[in-house]
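Asker: Give me the fold of what follows.
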Amino acid sequence: MSTFDLASARAAAEDDRTSLWVGEFLASAGSDNAVLAAELARTRHWWAGPLRIRLDQLVKLAGPEPDALVRVGADAWARDVDHMRESLEDGWEPPPLIAEFRSGRLLLQDGNHRYDALLRAEERYAWVLIYFDDPREREQFVNGLEDG
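Answerer: Here you go, the predicted model:
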């Protein structure tokens, strides 16, 4: 798959190929997160999305902040995020963010730069692929979106 965007993620979801799309995307230069791709491939997950999720519902795990789980240098982070924000202004539609549902929270496992770029562009929502370890939790989450 050469293009990783919202349309290709939706097509993969329609064909029940989300896990394949995610693995290929994470291993690509666009994400460069082969470690997460390998980890996700080891265990079965249940996927939802792409779903339009409010940014304030996501828990960012990487960045230059002192409390970030994965610390990234401030200069490199700012440079990458600014480039993405400019691309957003030029009409770029980023690939969906990838979040893990754990203990009622959406942990942002991939897309932390895109998340910050969307915030800087004053967006309130992002397209997100969410994985679950339990199919019942996935079902409850999706049903909750439909009810709300």
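Asker: what does the lowest-mean-pLDDT helix or strand in the chain contact?
Answerer: Least confident helix or strand, the chain: strand 62-63 with a mean of 80, by mean pLDDT, DSSP states H and E. Under the criterion CB atoms under 8 Å, 6 or more residues apart in numbering, residues 68-72, 77, 108, 112-113, 116 lie in contact with strand 62-63. In short, each C-beta sits where N, CA and C put it, glycine included.
Asker: Not counting its neighbours along the chain, what's nearest Gln57?
Answerer: Leaving aside its chain neighbours, Gln57 sits nearest to Leu106 (5.7 Å; criterion: CB to CB, 6 or more residues apart in numbering).
Asker: and the least confident helix or strand of the chain, which strands flank it?
Answerer: Applying DSSP bridges, strand 62-63 is found paired with strand 70-71 (parallel).
Asker: Beyond the partner strand, next helix or strand please.
Answerer: helix 74-89 (DSSP states H and E).
Asker: how about that following helix: buried residues?
Answerer: For helix 74-89, the neighbour count (16 or more other CB atoms under 10 Å) marks 77, 80-81, 84-85, 88 as buried.
Asker: Could you pull up the residues touching the spatially most central residue of the chain?
Answerer: Of all residues in the chain, the one closest to the mean position by CA atoms, centre = their mean is Leu97, 1.6 Å from it. Contacts of Leu97 were listed using CB under 8 Å, 6+ apart, and they are 53, 58, 108, 110-111, 114-115, 126-129.
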